[in-house]
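Asks: Could you work out the structure for the sequence below:
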Amino acid sequence: MKQAQTTKKLILCAMFTTLIVVGTFIKVPLPFLPFTMQFFFTMLAAMLLGGKWGAISVALYMVLGLIGLPVFTEGGGIWYIFKPSFGYIPGYVIGTFVTGKMVEMRKDYKLGWLILSNFIGVIIVYFVGMVYYYAICNYVIDTPIGVMQVILYCFLLIIPKDIMLCVVTAVIAKRLKPVIDKI
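Replies: Residues are numbered from 1 along each chain as shown. The predicted structure is shown next:
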């Protein structure tokens with residue numbers, strides 16, 4: 001029985017890694033930054049797989065990109081760590097883990113808790129991503145940027161879509177959870 005559960009988790013983990021890759025290339029053009037669906041799939045992985053397996057699926061996505069597969073929005077390869085926006089990817093791993101652990105804490109799967117868990121996850125993603133963006137620009141690639149510019153371009157202009165995604169993902173996860181549990 002335990003082996004069957006592990007096999008199920010491995011299959012779902014691989015499926016979510018694939019969905020995150022596909023979500024990277026589903027782009028909605030918006031001013032300043034493209035709107036992709038990778039964040040949606042990382043949150044969905046957290047809520048349906050839990051902290052450990054959700055984070056593994058996102059970490060696998062990150063590893064695939066870093067070894068050279070073109071799964072990131074602008075390609076792949078180890079050089080990608082020098083892109084200021086790369087920090088959001090490890091932020092996804094951490095945010096997915098925390099969101100998934102929060103969801104696991106409560107067995108009742110209440111919509112309000114799912115939304116709150118997503119909000120905590122998005123805060124983590126943005127924090128890691130913005131700190132990385134600032135550090136890479138100012139200390140590595142020598143393209144200085146101020147804290148207020150980072151807050152504007154890396155948070156204020158794009159957070160509305162992610163707040164919407166937090167709610168939408170929670171509603172979808174609530175409906176999908178019974179189906180996933182029956183598999």
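Asks: Tell me where this protein has strands.
Replies: Across the chain, reading from the start of the chain, the strands by DSSP state E fall at 27-28, 35-36.
Asks: right, so these: which one is the most enclosed?
Replies: Between the strands of the chain, strand 35-36 has the highest mean count of neighbours, a mean of 16, where neighbours are mean count of other CB atoms under 10 Å. No exception for glycine: its C-beta is placed from N, CA and C like everyone else's.
Asks: Packing partners of it?
Replies: Using 3 or more CB pairs under 8 Å, 6 or more residues apart in numbering; DSSP states H and E as the contact definition, the elements that strand 35-36 packs against are helix 2-25, strand 27-28.
Asks: Now do the helices in the chain.
Replies: Shown for the chain, the helices assigned by DSSP state H span residues 2-25, 38-66, 88-105, 111-139, 147-151, 159-182.
Asks: Distance-wise, check Leu152 relative to Lys107.
Replies: Counting by CB to CB, to the nearest Å, the gap between Leu152 and Lys107 amounts to 40 Å.
Asks: List the residue ranges of this protein that fall below the pLDDT cut-off.
Replies: Counting by pLDDT under 70, the chain contains low-confidence ranges at 1, 30-34.
Asks: can you count the residues close to Arg175?
Replies: Around Arg175 sit 9 other residues, with neighbours defined as other CB atoms under 10 Å.
Asks: One more: Ala4?
Replies: Every residue meeting other CB under 10 Å relative to Ala4 is counted, giving 8.
Asks: same question, Val21
Replies: Around Val21 there are 19 other residues, counting by other CB under 10 Å.
Asks: for Gly75, same thing?
Replies: Neighbouring residues of Gly75 were enumerated by other CB under 10 Å; the total is 13.
Asks: now swap in Asn118 and tell me
Replies: The number of residues packed near Asn118 is 28, by other CB under 10 Å.
Asks: In contact with it, which residues?
Replies: Applying CB atoms under 8 Å, 6 or more residues apart in numbering, one finds that Asn118 lies in contact with Met43, Ala46, Met47, Thr99, Leu165, Cys166, Val167, Thr169, Ala170.
Asks: export those to a markdown table and tack on distance to Gln5?
Replies: Formatted as a markdown table, the entries for the contacts of Asn118 read as follows, by distance: CB to CB, whole Å:
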| residue | distance to Gln5 |
| --- | --- |
| Met43 | 23 |
| Ala46 | 18 |
| Met47 | 18 |
| Thr99 | 21 |
| Leu165 | 29 |
| Cys166 | 28 |
| Val167 | 30 |
| Thr169 | 24 |
| Ala170 | 24 |
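Asks: what's the farthest-apart pair in those residues?
Replies: Ala46 and Val167 (14.7 Å; CB to CB).
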